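Trainee: Sequence unavailable; structure follows:
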């Protein structure tokens, strides 16, 4: 359209001098008005454009005012109307609000962690759900300082999230969890001596867990759900630690001595058992030999008895005749031999060889 207008103006200019009319170029007009300029319509359909502008303005207003809130899983929304919190928290999803009048505050209901440690490490920001705080310093029963390191896992009670935020504010965990933990730890540990804390670790951990749970659960609307309370470290003063180490070394020495005594007793019992076994063995062997001699003697006696019962006068005479015959045969060989007979003419029991000088001398 702009090119058409330029062509129009150039054409009019070439025909006689512009838009003034007049002059000689008009001829028959005789000084009258020149040709009229056509009316141009610059509205370009003004009704539709206004509607488009209006819609764009509405969209921009909606974007800037943001009359809606999106709540994700693990979160709850606290609806505030003119500064007053609603009793019920908004569940995950899309929620529309009245701009300026209403506002939604999003709170985290996922599990959160507080680490009480002597050396504070980087927590990774508030969105990480991990918060680091200094270890709890406690005075034991005698007034010695002790540091307790523990980890507390908890979450905001989603059922009463709106009441908790209304009563305690958005920093509710610093007003509830942290003070309760420190107070309970000081109360429990303060009842014991520092030296006994390592041996009573499990008992102390159970007392701390029970104390914190009872205290928080007794609050109105149960603002927090405690997941776990873990006692991680008991840091004792250096002097107490050295004393405990000395006691431990002394106990180890006593145990080592007791073990040596037990080992010596076992060795003595072993040697006594071995000696008893050897003695028992000898007794059994001696008893066996004695029993054998007794049995043999009894057998011999029984045999002699049987033999004695079997000897008759005729048998003895026969035996004497046989022995006499043997001596007679011997006398034929050794005529110097002498035979001494027992009284009564029984079997001779002495034989003396007279050729042997020693026997001859003895026989005299």
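Mentor: Looks like it arrived, so ask away. Computed from a predicted model, the values in this text were never measured in an experiment.
Trainee: How about residue 98: what's its closest non-neighbour residue?
Mentor: Excluding the flanking residues, the one nearest residue 98 by Cβ to Cβ, 6 or more residues apart in numbering is residue 67, at 6.8 Å. In this view, the C-beta of every residue, glycine as well, is placed from N, C-alpha and C.
Trainee: ok, now residue 224?
Mentor: Nearest non-adjacent residue to residue 224 (Cβ to Cβ, 6+ apart): residue 154, at 4.9 Å.
Trainee: and whichever strand or helix holds that neighbour, which strands flank it?
Mentor: Element membership of residue 154 [criterion: DSSP states H and E] is strand 145-156. Paired neighbours of strand 145-156 in the sheet (DSSP bridges): strand 112-117 (antiparallel), strand 136-139 (antiparallel), strand 224-235 (antiparallel).
Trainee: count of neighbours near the residue nearest to residue 98?
Mentor: Neighbour count for residue 67, taken as other Cβ atoms under 10 Å: 15.
Trainee: okay but it is in contact with residue 97, surely?
Mentor: Yes: between residue 67 and residue 97 there is a contact at 5.7 Å, judged by Cβ atoms under 8 Å.
Trainee: hmm, back to that, buried ones in the strand holding residue 154?
Mentor: Within strand 145-156, the residues that count as buried by 16 or more other Cβ atoms under 10 Å are 146-150, 152, 154-156.
Trainee: and which of those residues is nearest residue 190?
Mentor: Checking the buried residues of strand 145-156 against residue 190 with Cβ to Cβ, the nearest one is residue 146 at 9.1 Å.
Trainee: ok, that closest one - contacts?
Mentor: The contact partners of residue 146, by Cβ atoms under 8 Å, 6 or more residues apart in numbering, come to 137-140, 189, 194, 197, 234-237.
Trainee: Name the nearest residue to it, ignoring sequence neighbours.
Mentor: residue 138 is the one closest to residue 146 (Cβ to Cβ, 6+ apart), at 4.9 Å.
Trainee: quick one, what contacts the one you found?
Mentor: 145-148, 185-186, 189-190.
Trainee: cool, residue 233 as well?
Mentor: 147-149.
Trainee: pLDDT value on it, please?
Mentor: What the model reports as pLDDT for residue 233 is 92.
Trainee: Show me what it is bridged to.
Mentor: Residue 233 has the following beta-bridge partners by DSSP bridges: residue 149.
Trainee: Now do it against residue 89, distance only.
Mentor: From residue 233 over to residue 89 the distance is 37 Å, taken as Cβ to Cβ, to the nearest Å.
Trainee: Which parts of this structure belong to which domain?
Mentor: 61-107, 109-236 (the TED database).
Trainee: Redo those domains as CSV? Include distance to residue 322.
Mentor: What follows is those, written out as CSV (distance: least, Cβ to Cβ, whole Å):
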stretch, distance to residue 322
domain 61-107, 130
domain 109-236, 102
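Trainee: Out of these, which is the most enclosed?
Mentor: Of those, the one with the most neighbours on average (mean count of other Cβ atoms under 10 Å) is domain 109-236, at a mean of 16.
Trainee: my read: residue 103 touches residue 97, true?
Mentor: Yes: assessed by Cβ under 8 Å, residue 103 is found in contact with residue 97 at 6.9 Å.
Trainee: Strand 145-156 and the helix or strand harbouring residue 78, what's the angle between them?
Mentor: For residue 78, the host element (DSSP H and E) is strand 75-81. If you take axes from the mean of the first three to the mean of the last three Cα atoms, to 10 degrees, strand 75-81 sits at 70 degrees to strand 145-156.
Trainee: Show residues contacting the following helix or strand past strand 75-81.
Mentor: Where DSSP H and E defines the elements, the next helix or strand beyond strand 75-81 is strand 84-85. Here strand 84-85 makes contact (Cβ under 8 Å, 6+ apart) with 78-79, 162, 165-166.
Trainee: If we use 6 Å, what do you get?
Mentor: 78, 162, 166 (Cβ atoms under 6 Å, 6 or more residues apart in numbering).
Trainee: ok, the residues you listed vs residue 215, which is closest?
Mentor: After measuring those against residue 215 - Cβ to Cβ - the closest member comes out as residue 166, at 21.0 Å.
Trainee: That closest one belongs to a helix?
Mentor: Yes: according to DSSP: H, G, I helix; E, B strand; the rest coil, residue 166 belongs to a helix.
Trainee: How about it, nearest residue that isn't a chain neighbour?
Mentor: Per Cβ to Cβ, 6+ apart, closest to residue 166 is residue 85, 4.6 Å.
Trainee: Next one, pLDDT for that neighbour please.
Mentor: With respect to pLDDT, residue 85 has a value of 86.
Trainee: One more: residue 25?
Mentor: 40.
Trainee: swap in the one 4 residues further on?
Mentor: Looking at residue 29, its pLDDT stands at 42.
Trainee: what's the answer for residue 148, then?
Mentor: 94.
Trainee: quick one: contacts for it?
Mentor: So residue 148 contacts 136, 138, 185 (Cβ under 6 Å, 6+ apart).
Trainee: In which helix or strand does the closest residue in space to residue 104 that isn't next to it in sequence reside?
Mentor: Among residues not flanking residue 104 along the chain, residue 69 sits closest, at 3.8 Å (Cβ to Cβ, 6+ apart). In this structure, residue 69 sits in strand 68-71 according to DSSP H and E.
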